[in-house]
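Engineer: Predicted structure and sequence below. I'll ask about it afterward.
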Amino acid sequence: MKTFIQLQQNRWKQFYGMMLISIFLISSVLTAQSSPPPVNLGSADAFVLLAKTGITATGATDVTGDLGVSPTSATAITGFDLILDPSGTFSTSSLVTGKIYAADYTDPTPTMLTTAISDMETAYTDAAGRTLPDYTELHTGDLTGQTLTRGVYKWSTGVMVAAGGVTISGTADDVWIFQVAQDLVLSNGANVYLSGGAKASNIFWQVAGQTTLGTTSVMHGIILCQTQIVMSTGATFNGRAFAQTAATLDANQVTDPIITSFNDETIITTFFLKQNYPNPFNPSTEIQYGIENAANVTLKVYNILGSEIATLVNEYQEAGGYSIPFNTNDLVDELSSGIYFYRLQAGSNVSTKKIVLMK
């Protein structure tokens, strides 16, 4: 017959055994959920759109950031009505808040682009080469309705997101790397939502096939695509799109994922309105714009029927850059989830962008 002391010793052994198993399991989960190092984009990080064989735009496309093509020439950049700068090193366009570069422009542009394209390809190889993924073949490639935490994800197939959307949830320091062996497709109306402070600049989509953003879809992240990137009518993209072939746009809003901080020394040389960040949002977001000349400025928000729901700015402002918060909690009437628009007017300059509220 076991003594009381022996029974107690056995109970302690069982307790410690369970504790060790629990610690091991918790440690394994934490290790699997650790955030990978971000992909180094090198000099390609200076571009919002970068391609090797061409960039094409149709419709009322609005790009905030620099564009570049190499080794092809400026003739492969179509639909932008390029205006060559007197320096011969870059062009401008009414569709672009930024500069447009091509391999046949004046030095040092060709060398700069060669380096950027090389860095783009190196970044693709880096993202594709990350080993020991945290998730493999997750949901057989259909991410609709899922919430994705930090880590490395790997699929031997294509990946798709239907109209239900997908949420990327994490902190501003977390990193996501998605390795897609075939095509990446956002269906019409699909949204990639950011939650908890997740940043588009820390989300890397490495795609071996074609990347397609469906009509009115909303995408966030850095797209490293080995073939073509196609943005369908009305798609909104907050990030960087790097194609090892071509990129095509159709009435899209494309925005650099890094929001600039304005101060009294910031010099604004052109009128612009940036895509709000985050977008989609709930309950608050930030809208940034710049005016090159002092003017009477209005910034208003409208619903999809064209009815005004909020006036964020209505005053005379000096030239400069401005950051304006929009918080739906400040409104008397509660807004439902859906698409809205914000419109900036400064003198004769007018710009409108789409904003998505997701509750």
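Structural biologist: Nice, I can see it. In this text the structure is predicted, and so the values were computed from the model without any measurement.

Engineer: Quickly list what G68 is bridged to.
Structural biologist: Bridge pairing for G68 (DSSP bridges) gives the partners L50, Y101.

Engineer: Let me see the confidence value for S28.
Structural biologist: Reading off the confidence values, S28 has pLDDT 37.

Engineer: Secondary structure class of T157, three-state.
Structural biologist: coil (DSSP: H, G, I helix; E, B strand; the rest coil).

Engineer: Please identify the helix or strand for the residue lying closest to I304 once chain neighbours are set aside.
Structural biologist: Among residues not flanking I304 along the chain, I339 sits closest, at 5.4 Å (C-beta to C-beta, 6 or more residues apart in numbering). For the C-beta atoms, the positions are set from N, CA and C on the backbone; glycine is no exception. According to DSSP states H and E, I339 maps onto strand 338-346.

Engineer: and what of L224?
Structural biologist: Going by DSSP H and E, L224 is part of strand 218-225.

Engineer: for that strand, the distance to its chain's centre please.
Structural biologist: Distance of strand 218-225 from the chain centroid (C-alpha atoms, centre = their mean, to the nearest Å) equals 6 Å.

Engineer: same deal with stretch 277-292?
Structural biologist: In this view, stretch 277-292 has its centroid 14 Å away from the chain centroid, taken as C-alpha atoms, centre = their mean.

Engineer: Next one: T64 from T285, what distance?
Structural biologist: 16 Å (C-beta to C-beta, to the nearest Å).

Engineer: Can you show me the strands along the stretch 1-150 of the chain?
Structural biologist: 47-51, 54-58, 62-64, 66-69, 77-78, 83-84, 91-93, 96-102, 135-136, 147-148 (DSSP state E, counting those that start in this stretch).

Engineer: thinking again about what came up before, measure the residue nearest to I304 to Q226 for me?
Structural biologist: From I339 over to Q226 the distance is 32 Å, taken as C-beta to C-beta.

Engineer: neighbour-wise, which of those two wins?
Structural biologist: Q226 (18 against 15; other C-beta atoms under 10 Å).

Engineer: so where's the stretch 151-300 of the chain uncertain?
Structural biologist: Counting by pLDDT under 70, the stretch 151-300 of the chain shows low-confidence ranges at 258-267.

Engineer: Swap in 80 and give it another go.
Structural biologist: The model of the stretch 151-300 of the chain has pLDDT under 80 over residues 258-270, 275, 277-280.

Engineer: Specify the beta-bridge partners of the spatially closest residue to L148 that is not a sequence neighbour.
Structural biologist: Of all residues not flanking L148 in the chain, I168 sits nearest, at 5.2 Å (C-beta to C-beta, 6+ apart). Applying DSSP bridges to I168 gives these bridge partners: L148, L194.

Engineer: My read is that I168 contacts H220, right?
Structural biologist: Yes: using C-beta atoms under 8 Å, I168 is in contact with H220, at 7.2 Å.

Engineer: where do the contact lists of the two overlap?
Structural biologist: V192, L194, I203 (C-beta atoms under 8 Å, 6 or more residues apart in numbering).

Engineer: Outside of stretch 308-316 itself, list whatever touches it.
Structural biologist: Under the criterion C-beta under 8 Å, 6+ apart, residues 287, 294-303, 322, 324, 326, 331, 333, 335, 340, 342 lie in contact with stretch 308-316.
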